[in-house]
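> got a predicted structure here, sequence first:
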Amino acid sequence: MPTISHDVLRAFVYDIYRGAGGTEEDARIVSDHVVDSNLAGHDSHGVINAPNYIGGMEGGPATDKMEIVREGGAATVINANGALGMVAARKAMEMAVEKAQTCTIGAVGLHRCGHAGRMGEYPPIAARAGMIGIVLLNGGGRFMHPHGGTSRRLPPNPIAISVPRQGGDPLLLDMTLSVVAGGKLLVQTARGESIPEGWMIDAEGNPITDPNAFRERPQDTAVMPLGGSQFGHKGFGLGVMIDAIAGGLSWAGCSREQPTRGASGIVMFAIKIEDFIDLADYEQEIAYLVEWVKSSARLPGVDEVYVPGEFEARSREKRLREGIPIEEPTWNRLVEAAERFNIEVPI
């Protein structure tokens, strides 16, 4: 398994996208997104997916495809018309921030959007502008079973929230409402590793440890909701409500056999903090919160209590120093893509 510098990997993926016909901006946004996901330790949303976005690079800038279909007050609804999801989602959050500057809250819904990658990429855009950022998605493939059921019915329906932090990176929660994201199952497959019991079940509720079943047996397997067999009603319940908000407000449609506009709807929210409280006072409260949480007594073997976003920050620091490990199947797919567009392979 090769280990590659983030700079080398970033330039390599960017060159592939440019070779595939991507504009400078689109190629930069998507290549940065996937490599930054690897840096954050979220390999499921990293370069393992990079070849999947090659086809979306053609046809001009992604923003040219984005069409506002409804706008009023603090809200905007956009038909992305298949635009690169990472570009469309970034632009949508930037629009939400702009709306919030004058309306206190800005909300932008996206439908018919390409795969937007890691939702945790977008709320910090608002946090760095002195706002609270929230992203809801009813997407990621309908592979989660309802609590008490065994059939695939809901997507992982992630939620991501970020708030500004005094003298440091924003706090960032980025989580799915399934016990694991689908991409993590694909990573396990690429690494030839089994999955723990409690990730997937079959039609009789028996645990599955073969990650290949995720793709090969869609009819009789499903990923469990967050909380598992005992507390899965919590992950399932939140998943249903995110589906209702993201699917309904974005026009994408809520989960069913044939969603109205394909599901995978995203809603971005930005909330202007200074319309509630001075930003400095708010950030001080966050500092108090972090200090209080991290002061907890720790379990044996635990060196530090992490607040949301710190795991990713530590992973980034480590991988900036040591490089990013890439699975052989993933690297081979990147090399194949590079050869298709006559791009030099860096190693």
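Right, received. Where do you want to start?
> quick one: the strands in the stretch 51-200 of the chain?
With DSSP state E, counting those that start in this stretch as the criterion, the stretch 51-200 of the chain has strands at 67-72, 75-79, 105-111, 131-138, 159-163, 171-175, 200-202.
> ok, which of those comes nearest residue 324?
Of all these, strand 171-175 sits nearest to residue 324, with 18.6 Å by C-beta to C-beta. All C-beta spots, glycine's among them, are computed from the backbone N, C-alpha and C.
> okay, the residue nearest to residue 141 when sequence neighbours are not counted: pLDDT?
Once flanking residues are discounted, residue 141 sits nearest to residue 182: 5.4 Å by C-beta to C-beta, 6 or more residues apart in numbering. The model reports residue 182 with a pLDDT of 92.
> quick one: residues contacting residue 182.
44, 140, 141, 143, 156, 214, 223 (C-beta atoms under 8 Å, 6 or more residues apart in numbering).
> between the residues you listed, which sits nearest residue 311?
residue 44 (14.3 Å).
> surely that closest one touches residue 181?
Yes - using C-beta atoms under 8 Å, residue 44 is in contact with residue 181, at 5.2 Å.
> identify the residues contacting residue 272.
Contacts of residue 272 by C-beta under 8 Å, 6+ apart are 100, 101, 104, 105, 130, 131.
> let's have these in TSV, adding neighbour count, pLDDT and distance to residue 276.
Shown next, in TSV, are the contacts of residue 272 (neighbours: other C-beta atoms under 10 Å; pLDDT from 0 to 100; distance: C-beta to C-beta, whole Å):
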residue	neighbour count	pLDDT	distance to residue 276
100	25	98	12
101	15	98	14
104	16	98	8
105	18	98	11
130	18	97	11
131	28	98	11
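> TSV for those residues, including distance to residue 248?
Converted to TSV, the contacts of residue 272 look like this (distance: C-beta to C-beta, whole Å):
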residue	distance to residue 248
100	21
101	26
104	22
105	18
130	29
131	24
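> which of the residues you listed sit farthest apart?
Going by C-beta to C-beta, the pair spanning these furthest: 105 and 130, at 13.8 Å.
> check contacts around the residue lying closest to residue 23 once chain neighbours are set aside.
Distance criterion C-beta to C-beta, 6+ apart; nearest residue to residue 23, sequence neighbours excluded, is residue 61 at 5.0 Å. The neighbours of residue 61, taking C-beta under 8 Å, 6+ apart as the test, are 23, 25, 26.
> just say helix, strand or coil for the second one.
For residue 25, the assignment made with DSSP: H, G, I helix; E, B strand; the rest coil gives helix.
> separation between it and residue 64?
Counting by C-beta to C-beta, to the nearest Å, the separation of residue 25 from residue 64 is 11 Å.
> was I right about residue 283 contacting residue 168?
No - in this structure, residue 283 is not within contact of residue 168 by C-beta under 8 Å, at 9.7 Å.
> higher neighbour count, these two?
Neighbour totals were compared for residue 283 and residue 168, and residue 283 leads with 19 against 15 (other C-beta atoms under 10 Å).
> could I get the phi/psi values of the more buried one?
Dihedral pair for residue 283: phi -60, psi -30, per degrees, to the nearest 10.
> from residue 26, how far out is it?
Distance from residue 283 to residue 26, by C-beta to C-beta: 34 Å.
> how about residue 226?
33 Å.
> cool, and residue 191?
For residue 191, the distance to residue 26 equals 30 Å [C-beta to C-beta].
> so those two - more neighbours on which side?
Taking neighbours as other C-beta under 10 Å, residue 191 and residue 26 compare with residue 26 leading, 23 against 16.
> surely the more buried one meets residue 84?
Yes - contact criterion C-beta under 8 Å: residue 26 and residue 84 qualify, at 5.7 Å.
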